[in-house]
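> quick one: sequence and predicted model below, then my questions.
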Amino acid sequence: MQSLSELFEHTLRDVYFAENEIAKSLPKVSKAVKSAELKKALDAHLDETKGQIETLKKVFKTINVKPAGEKCDAAEGLLKEADGIIDEGKGVALDAGVLAACQAVEHYEIARYGSLREWAKVLGNEEAHVLLSEILDQEKAANNVLTNLAVSKINH
């Protein structure tokens, strides 16, 4: 990669891969947790994630590139960490650990979408800027839901 447009496309492929992997793993994560509120939040985010995948396809279209993922080690590592917590966690530690792992994923996504959105702006791709802003706002809102659950119910 030598240009901002190449970096944009590469990172777009990373997040496309990540969102698809997240969509595959969320049902298992939701099934594992005990808190009804956390389960509800995870199920809602699964629906949102599926919508984000569709939005990313629109972003790919703005740069005339076929939607495709590129293996993202960061996302794989974060999801593997969540799997470890599911396998080893018990009681309060299970839900608190899973919630924290989900927030780590959200923070990764917030960082990536924030960069992609700004790069789209610099590259003059207004449509991608708007679409990525929508996803970024959704990820921030999901993180806020998790933070509120952690503070009010789960981390007790």
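It's in. Numbering: from 1, shown residues only.

> in the chain, which spans are helices?
4-32, 36-62, 73-88, 91-122, 126-149 (DSSP state H).

> packing partners for the fourth one?
Same thing as helix 91-122. helix 4-32, helix 36-62, helix 73-88, helix 126-149 (3 or more C-beta pairs under 8 Å, 6 or more residues apart in numbering; DSSP states H and E). In short, each C-beta sits where N, CA and C put it, glycine included.

> would you list those in a markdown table and tack on mean neighbour count and mean pLDDT?
A markdown table is the format used below for those (neighbours: other C-beta atoms under 10 Å; pLDDT from 0 to 100):
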| stretch | mean neighbour count | mean pLDDT |
| --- | --- | --- |
| helix 4-32 | 18 | 98 |
| helix 36-62 | 17 | 97 |
| helix 73-88 | 15 | 96 |
| helix 126-149 | 18 | 98 |
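
> turn those into CSV, columns for distance to residue 105.
Shown next, in CSV, are the helices and strands packed on helix 91-122 (distance: least, C-beta to C-beta, whole Å):
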stretch, distance to residue 105
helix 4-32, 6
helix 36-62, 10
helix 73-88, 5
helix 126-149, 9
